[in-house]
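Asks: Structure, please.
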Amino acid sequence: MPRTVAEDATLPAIDMNGSRFHLQTFGDPTKPVIVFLHGGPGSDYRGMLRLAERRDGYSLADEYFLVFWDQRGAGLSKRHAKELLTLDVYLDDLDALVNRFSPGRPVYLVGASWGGMYATQYINSYPARVKGAVLIEPGPLDGVTMERLEDEVVEFSLGAEWLNDMVWSSQFISPDGHARMDFEMTLGAKQSQPRFHLSTVDPEPVWRLGAAANRYVREDGQDASGRFTYDFTTHLASFATPVLFIAGSLSEVLGESLQREQVHHFPSATLKVVAGAGHDVQWVRSAEVVRLIRTYLDSRK
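Replies: All right, here's what the predicted structure looks like:
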């Protein structure tokens, strides 16, 4: 397993909100900021980096300051115990990041899968801090929808029974324990839901998956009986800013059908469907996704 920023001082990192995060930026920091939010919970930003590449003489970094980061307990960021892996702590992390890189200026959010849910959670809580958002196949934005889709979504999500219960029962997980769980989670990820239609020819890469973050952030959105109770949509009706949804045409679980439902949580949202892509659309069709993002951002200037 690759080491995290807590163990490898050579990795690019930032300290904020009581943790250390793996982070990479591109472009001029005086320009408008785009914060990228990866999936999971527990994955990393490696699979989003194609969105920063230069294609046909253009990169989003020409006009914007791009911030890619591994979320708390995810990717190569520092690992944490259960009590620090909650939806509220995640919300505070993102707010700290926004205020660090764009103090006094609203930002753009680009979130994929869980990252789209995370972006929506932030919009729901801090609408004035968001100038625009691109949600790429976000998972269910409320617990009612997650309950309906749980069997299909959770099969893809990682963190379940094949992880050793003896490891999970420990009150303190050592760095070696985290590495073991993350390794097992990575193996389980290879058995992902076939209805997501992820590419096997050009698979989306990851550095390291965060098993504890995947489990505990998800559990924080559930009640004691295991029913999903979170709701990131309670204040979206007052968010008049246009929002762009993107889906892959091949994706069956979190694809076009679900996103046509979810656009209605926002007063002004549109859905674009990218042909020939599954749930990893931002990786396998990155040029088309960048084109859609650029067109959307141009409309927000």
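Asks: For residue 55, list each beta-bridge partner.
Replies: Per DSSP bridges, the residues bridged to residue 55 are residue 58.
Asks: tell me the phi and psi of residue 65?
Replies: Backbone torsions for residue 65, taken as degrees, to the nearest 10, come to phi -100, psi 120.
Asks: wait, isn't it in contact with residue 101?
Replies: Yes - Residue 65 is in contact with residue 101 according to C-beta atoms under 8 Å; the separation is 7.0 Å. Heads up, the C-betas are built off the backbone N, CA and C, glycines and all.
Asks: can you list residues touching both of the two?
Replies: 25, 29, 33 (C-beta atoms under 8 Å, 6 or more residues apart in numbering).
Asks: Residue 202: which of those residues is nearest?
Replies: residue 25 (25.5 Å; C-beta to C-beta).
Asks: Read off the pLDDT value for that closest one.
Replies: Note on residue 25: pLDDT of 99.
Asks: same check, this time on residue 190
Replies: Per-residue pLDDT puts residue 190 at 52.
Asks: likewise residue 168?
Replies: 46.
Asks: Kindly give a single PyMOL line that selects the buried subset of the shared contacts of residue 65 and residue 101.
Replies: Of the shared contacts of residue 65 and residue 101, the buried ones can be selected in PyMOL as follows, counting by 16 or more other C-beta atoms under 10 Å:
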select buried, resi 25+33
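Asks: Filter the shared contacts of residue 65 and residue 101 down to just the ones in strands.
Replies: Within those, residues falling in strands by DSSP state E are 25, 33.
Asks: ok, of the shared contacts of residue 65 and residue 101, which one's closest to residue 200?
Replies: residue 25 (31.6 Å).
Asks: Mind jotting down where the strands sit in the stretch 101-250 of the chain?
Replies: Counting by DSSP state E, counting those that start in this stretch, one finds strands in the stretch 101-250 of the chain at the ranges 107-112, 130-136, 243-248.
Asks: gap between stretch 81-90 and the chain center?
Replies: 15 Å (C-alpha atoms, centre = their mean, to the nearest Å).
Asks: Please read the previous query as pertaining to stretch 45-52.
Replies: 12 Å.
Asks: what's the distance between stretch 286-298 and the middle of its chain?
Replies: 18 Å.
Asks: and if you look at stretch 14-25?
Replies: Distance, centroid of stretch 14-25 to centroid of chain: 16 Å (C-alpha atoms, centre = their mean).
Asks: strands paired with the host helix or strand of residue 22, and their directions?
Replies: Element membership for residue 22 (DSSP states H and E) is strand 19-26. Strand 19-26 sits in its sheet next to strand 13-16 (antiparallel), strand 65-69 (antiparallel), going by DSSP bridges.
Asks: Please work out which of those strands is packed deepest.
Replies: Mean neighbour count (mean count of other C-beta atoms under 10 Å) peaks for strand 65-69 among the strands paired with strand 19-26, with a mean of 24.
Asks: quick check: angle from that strand to strand 107-112?
Replies: 40 degrees (axes from the mean of the first three to the mean of the last three C-alpha atoms, to 10 degrees).
Asks: Averaged pLDDT, strand 65-69. What do you get?
Replies: 99.
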